[in-house]
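J.: Okay, predicted coordinates and the sequence, questions at the end:
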Amino acid sequence: MDKLDIRVALSVFDKVMTNGERKEDAFFLDGLYATPSFDGYTVTLSDEKVTLSILFHNKFNMEYDSRKSLNEFMLKLDRIEQAY
C-alpha cells in the first residue's frame, strides 16, 4: 500500500473494532489500536510509532517518526484488510 486509501483505513478501523480485544478506550488487533472519538466524528488507528486520525468528511492527519515506521504501519493496514 503506497498511499493511504481512506476507504481501506475505515474498513480496517471497523475490523479492529469488531475483531479486536478491548483495551480501555480502544480495541487492539494485530498490532493496531482503533479508538473512536466520543462524538463519532473522528476515528484513530495507531501503533507505537504512527497515529492516523480520520476526521469528518474523510480528511485525515498522520503523525509518524520515520518513513520506515509509516511503511510498517501501512503494511499492518493491508494485512488486516486482507485477513479479516
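T.: Received it, and whenever you're ready, just let me know what you need.

J.: does the spatially closest residue to G31 that is not a sequence neighbour sit in a helix, a strand or a coil?
T.: Leaving aside its chain neighbours, G31 sits nearest to K76 (5.1 Å; criterion: C-beta to C-beta, 6 or more residues apart in numbering). Every C-beta, even on glycine, is put in place using the N, C-alpha and C of the backbone. Here K76 is recorded as helix under DSSP: H, G, I helix; E, B strand; the rest coil.

J.: Distance of L10 relative to S69?
T.: The span separating L10 from S69 equals 21 Å under the rule C-beta to C-beta, to the nearest Å.

J.: what about F56, how many neighbours?
T.: F56 has 10 neighbouring residues, counting by other C-beta atoms under 10 Å.

J.: And the closest residue to it other than its chain neighbours, its phi and psi?
T.: For F56, the nearest residue in space outside its immediate sequence neighbours is Y41; the separation is 4.8 Å by C-beta to C-beta, 6+ apart. As for Y41, its main-chain torsions (degrees, to the nearest 10) stand at phi -90, psi -20.
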